[in-house]
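Undergrad: Here is a sequence with its predicted model. Questions after.
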Amino acid sequence: MKILVHRAIDRGKADFGWLKANYSFSFANYYNPEKENFGALRVLNDDCIQASHGFGKHPHSNMEIVTIPLSGAIKHADSTGNEGVIKVGDIQIMSAGSGILHSEFNASESDEAALFQIWIFPKILNMPPRYDQLFFDERERVNSWQVVVSPKENSHALWINQDAYISLGNFDEDKSYQLFNSLNGVYLMLIEGEAEINGVRLSDRDCIGISDVSDFQITVLKPVKLLAIEVPMQIN
């Protein structure tokens, strides 16, 4: 088993007034040569956006972009004509493919919004851009892994152009994680709570990258909410 620990306190940070961000990997003006990616996982941003503010229309290409709202609501619009609002419980995926313009704004005029944004390198380049969102009932992740993103079509999860899986789980008892593909690695964020993995103690927003293993055990020390991002360790 290979283990990489990224503590919450060591994340990159940015404060633009309207946006407060924490970066697990190099992003924008934050650069750390030891934190450029974890296999096919390129970005895990923890953002807080002030009311009525957001990211104006900007381009992306050849990236799988997943947005998980934590509070509030985010309004999306893109150059393919898709528009929508994603709220807590919803998860959004945008395959930028051959190229897309999009904007993301806090949909509220009074309340801030918080979200995770995840970027994953695609398996196949220059595919037509694609957008989708689904609602996931949090009750289905109580002491269970709820798969929200999957490369398997018709799997009751959002489809992704990569051999990657994103799962959420809320646990008050010990739990194992079984990899879908033992050649993959898992980047695990402890959203809140306290747990231990292979002797490494983790608390709010700490992350651990695990590879060269088919499964691992999570010892729950305090009820936890977990985000597991399983990705290929080799980038095409």
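TA: Received, thanks.
Undergrad: now the spatially most central residue of the chain, nearest residue through space, not along the chain?
TA: The residue at the geometric middle of the chain, judged as the C-alpha nearest the mean C-alpha position with CA atoms, centre = their mean, is Ile118 (3.8 Å). Among residues not flanking Ile118 along the chain, Val66 sits closest, at 4.3 Å (CB to CB, 6 or more residues apart in numbering). Every residue, glycine included, has its C-beta placed from N, CA and C.
Undergrad: Lys13 too?
TA: Leaving aside its chain neighbours, Lys13 sits nearest to Asn22 (5.8 Å; criterion: CB to CB, 6+ apart).
Undergrad: what do you get for Ala28?
TA: With sequence-adjacent residues excluded and distances taken as CB to CB, 6+ apart, Ala28 is closest to Ala14, at 6.5 Å.
Undergrad: Could you report the pLDDT at that neighbour?
TA: Per-residue confidence for Ala14 comes out at a pLDDT of 96.
Undergrad: Correct me if wrong: it contacts Asp46.
TA: No. Using CB atoms under 8 Å, Ala14 and Asp46 do not qualify as a contacting pair, with a distance of 10.9 Å.
Undergrad: which of those two has more neighbours?
TA: A side-by-side neighbour count of Ala14 and Asp46, using other CB atoms under 10 Å, places Asp46 first with 20 against 15.
Undergrad: My guess is the more buried one contacts Arg11. True?
TA: Yes. Contact criterion CB under 8 Å: Asp46 and Arg11 qualify, at 7.5 Å.
Undergrad: Find the residues that touch each one of those two.
TA: Taking CB atoms under 8 Å, 6 or more residues apart in numbering as the contact rule, Asp46 and Arg11 both touch 22-24, 205.
Undergrad: right, and out of the residues you listed, which lies closest to Phe135?
TA: Ranked by distance to Phe135 (CB to CB), these are led by Arg205 at 24.7 Å.
Undergrad: Distance of that closest one relative to Ala77?
TA: The gap separating Arg205 from Ala77 is 30 Å, by CB to CB, to the nearest Å.
Undergrad: before we move on, back to that, what's the pLDDT at the residue nearest to Lys13?
TA: The confidence metric pLDDT takes the value 98 at Asn22.
Undergrad: In the chain, where is pLDDT below threshold?
TA: With pLDDT under 70 as the threshold, the chain has low-confidence stretches at 236.
Undergrad: Who are the packing partners of the lengthiest strand in it?
TA: In the chain, taking DSSP state E as the definition, the longest strand is strand 215-232. Strand 215-232 makes packing contacts with strand 41-49, strand 113-120, strand 165-171, strand 175-178, strand 184-197 when contacts are defined by 3 or more CB pairs under 8 Å, 6 or more residues apart in numbering; DSSP states H and E.
Undergrad: Save those strands as CSV, and put in distance to Glu153 too.
TA: Shown next, in CSV, are the helices and strands packed on strand 215-232 (distance: least, CB to CB, whole Å):
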stretch, distance to Glu153
strand 41-49, 22
strand 113-120, 17
strand 165-171, 13
strand 175-178, 21
strand 184-197, 19
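Undergrad: To Trp18, which of those lies closest?
TA: Trp18 lies closest, by CB to CB, to one member of the helices and strands packed on strand 215-232: strand 41-49, at 6.8 Å.
Undergrad: what packs against the closest one?
TA: When contacts are defined as 3+ CB pairs under 8 Å, 6+ apart, strand 41-49 packs onto strand 19-23, strand 113-120, strand 184-197, strand 215-232.
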